[in-house]
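Novice: Structure here, sequence nowhere to be found:
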């Protein structure tokens, strides 16, 4: 299979959002995606862009993406958070996910970050096996914590 990995452009955002929705369906939470195309365009390509992405393209079709952003660790300093790597189901097993991941790793090296963080669902065995190939350290100490919009709005400060 011939494909290219390149930096995402604003015109790719509709396909990126399509892939996000595909992943949400795979993770059995299709209704959880509430971000809009306009938000993603502004947040990734507006004057105060907060994320960057790579896309995988074959025959003019976007079939994969990796979305990441810079974060800061008080213990380690500059870091990258990899929010998602997504490859359309029919294009998996061609090495596309690995190439997307490696592009983000290259960014980490160029930026001299000390770590890259991401999450993987405990039941997503194919993803776990994929990350094990990269000598990933799986945390047994840290719990994920979240305040969603409803909780944030209900807090009386």
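Specialist: Looks like it came in fine. Quick caveat, the model's predicted, so the values are computed rather than measured.

Novice: so how far is the lengthiest strand in the chain off the chain centroid?
Specialist: Selection of the longest strand in the chain by residue count, based on DSSP state E, yields strand 61-73. The chain centroid and the centroid of strand 61-73 are separated by 4 Å under C-alpha atoms, centre = their mean, to the nearest Å.

Novice: so what does that strand touch, helix or strand wise?
Specialist: Judged by 3 or more C-beta pairs under 8 Å, 6 or more residues apart in numbering; DSSP states H and E, the packing partners of strand 61-73 are helix 13-26, strand 52-58, strand 77-87, helix 96-111, strand 115-117. Every C-beta, even on glycine, is put in place using the N, C-alpha and C of the backbone.

Novice: now it and helix 96-111, what's the angle there?
Specialist: If you take axes from the mean of the first three to the mean of the last three C-alpha atoms, to 10 degrees, strand 61-73 sits at 40 degrees to helix 96-111.

Novice: Strand 61-73: which residues count as buried?
Specialist: 62-69 (16 or more other C-beta atoms under 10 Å).

Novice: Show the average pLDDT along that strand.
Specialist: Mean per-residue pLDDT for strand 61-73: 98.
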